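K.L.:
need coordinates for the below:
(one chain, ligands or ions: 1)
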Amino acid sequence: MFPGYAQDYIEPSTAQDERYAFIAEWYDPQAALIRRYQFLFYPKDNSIEMFDIKNRRKFLARTKSDTVRLEDMFIGSKIHVYSRQLTFVDFGDKFTEGKVGMKNEKTLAIIKPEAIGKVGVFFNILNKNDIKPCKVKMLKLSRKKVAEFYEEHRSKPFFNTLLEYMSSGPVIAMELMGTGVISKWRNLLGPTDSQKARETDPNSIRARFGTDTTSNAAHGSDSEQSANRELDFFFPPSGSGGFDVTSHLTDCTCCIIKPHAVRNGIEGDIIEAIQNAGFQISAMEMFNVETANGEEFYEIYKGVVNEYPNMVTEICSGPCIALEITGKGGDTTAQFRELCGPSDPEIARHLRPKTLRAMFGKDKIQNAVHCTDLPEDGVLEAEYFFRILSN
Ligand code: AMP
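P.N.:
The predicted model follows:
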């Protein structure tokens, strides 16, 4: 594909020889330009190799990597390689497109206002069914936005009720990805009418969390064409889409579900534990944190804790989920820290086994969640994610 570099690929004779190729971009802040690479991944030894497309030369010799995984490579995904955040923008050859492309089907899911309190369960359903949430954002829909989204139903008798319901509280929009995800997600939702769902499909999402035909817990796109339109509506390629934000940025604290927890599919259990403990999640968004932002966010720990560089590496190592936590009255930051427990999970498991870090943490770096330390920083940290990093 790129003469002089890695050859276009011939279907391997055994899985041992497999090689996947992508086109990846990196924004070089020094030169203020976007650099393009041919990115190769060899599952046999989990190694990567990169070629600079413009300069026509090898950029990274084949090197083993502990962190990259094939399942994190899809069009639009971001991975970190030596402090560079790479974005995959295309497949690099037909073999990769054929093998990976079918797993890249996307759909839009909306968790509707009545089901927001169950968002942890939703994440668990997705994980159990091999569906990957690639984008996640809590937002508030105005009546105007609901009308725009449901334009096709404008003349229907239930249109007004639909406007009322969908604008009655925050919703969570998600871009979901997986093999056959459009029909898979709609099957998991069950019939539109939640009451009918309870009779015919009692394990479905609408049977479990919905009320009736309008208040039916969640949405899923009905075709590839709808999915593309609806994903562009909620996650426009540029700009924020003009939705109302849900973050309070007052009397709140900040929680970051770390990339290792998202990678291992335990974010649903963590969110469930937070909600079961009586905290409200007033804002939620999935972020791919760049190195400069990771360093800035953790700046107060620089020179104070030895783990600072590794903390930055971890928070930038893949998608994380930021939460604004409110709702217990009193000092939310201190109360939430109690739920998180000691920062070292080993110590937490001895002293406070019911805390989030004891239950979900691995070590001092991969300790499941970051939580704000000082009460006065709760608002500042929430602002960093939900006002500065959020577009
Ligand atoms: P759909 O385009 O089929 O996903 O419908 C959009 C949403 O409109 C549904 O998820 C319901 O919330 C609502 N809705 C659809 N059909 C009806 C109906 N017959 N009566 C009341 N609400 C409905």
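
K.L.:
heading C-terminal from the helix or strand containing residue 183, find the next helix or strand.
P.N.:
Here residue 183 sits within helix 181-189, counting by DSSP states H and E. Once the chain leaves helix 181-189, the next helix or strand it forms, by DSSP H and E, is helix 194-200.

K.L.:
list the residues that contact the residue in the chain positioned nearest to the ligand.
P.N.:
Residue of the chain nearest the ligand, by Cβ to the nearest ligand atom: residue 158 (3.4 Å). All C-beta atoms are positioned from the backbone trio N, CA, C, and that covers glycine. Neighbouring residues of residue 158 by Cβ atoms under 8 Å, 6 or more residues apart in numbering: 213, 214.

K.L.:
distance of it relative to residue 164?
P.N.:
Per Cβ to Cβ, to the nearest Å, residue 158 is found 10 Å from residue 164.

K.L.:
what about the helices in the stretch 151-300 of the chain?
P.N.:
Listed in chain order, the helices of the stretch 151-300 of the chain (DSSP state H, counting those that start in this stretch) span 159-166, 181-189, 194-200, 205-209, 224-234, 259-263, 267-276, 291-297.

K.L.:
packing partners for the first one?
P.N.:
In other words, helix 159-166. helix 143-149 (3 or more Cβ pairs under 8 Å, 6 or more residues apart in numbering; DSSP states H and E).

K.L.:
next, residue 375: secondary structure please.
P.N.:
Here residue 375 is recorded as coil under DSSP: H, G, I helix; E, B strand; the rest coil.

K.L.:
shift numbering so it begins at 43
P.N.:
I'll keep to 43 as the first residue from here, and by that count the last item is residue 417.

K.L.:
near the ligand, which residues of the stretch 93-242 of the chain show up?
P.N.:
Within reach of the ligand by Cβ under 6 Å from any ligand atom, the stretch 93-242 of the chain has these residues: 192, 195, 200, 204, 234.

K.L.:
of those residues - the most surrounded one?
P.N.:
residue 204 (20 neighbours; other Cβ atoms under 10 Å).

K.L.:
correct me, but that residue touches residue 195?
P.N.:
Yes - using Cβ atoms under 8 Å, residue 204 is in contact with residue 195, at 6.4 Å.

K.L.:
output the below-cut-off pLDDT ranges for the chain.
P.N.:
Within the chain, the set of residues satisfying pLDDT under 70 comprises 43-58.

K.L.:
ok, which stretches of it are strands?
P.N.:
62-70, 75-84, 89-94, 99-106, 120-123, 126-133, 148-153, 174-181, 213-219, 260-262, 295-299, 322-329, 362-368, 411-413 (DSSP state E).

K.L.:
need those in JSON lines with mean neighbour count and distance to residue 393, can you?
P.N.:
Listed next are the strands of the chain as JSON lines, based on neighbours: other Cβ atoms under 10 Å; distance: least, Cβ to Cβ, whole Å:
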{"stretch": "strand 62-70", "mean neighbour count": "19", "distance to residue 393": "43"}
{"stretch": "strand 75-84", "mean neighbour count": "18", "distance to residue 393": "42"}
{"stretch": "strand 89-94", "mean neighbour count": "20", "distance to residue 393": "40"}
{"stretch": "strand 99-106", "mean neighbour count": "13", "distance to residue 393": "37"}
{"stretch": "strand 120-123", "mean neighbour count": "20", "distance to residue 393": "33"}
{"stretch": "strand 126-133", "mean neighbour count": "18", "distance to residue 393": "37"}
{"stretch": "strand 148-153", "mean neighbour count": "24", "distance to residue 393": "35"}
{"stretch": "strand 174-181", "mean neighbour count": "22", "distance to residue 393": "32"}
{"stretch": "strand 213-219", "mean neighbour count": "23", "distance to residue 393": "34"}
{"stretch": "strand 260-262", "mean neighbour count": "23", "distance to residue 393": "39"}
{"stretch": "strand 295-299", "mean neighbour count": "26", "distance to residue 393": "20"}
{"stretch": "strand 322-329", "mean neighbour count": "21", "distance to residue 393": "26"}
{"stretch": "strand 362-368", "mean neighbour count": "25", "distance to residue 393": "22"}
{"stretch": "strand 411-413", "mean neighbour count": "24", "distance to residue 393": "17"}
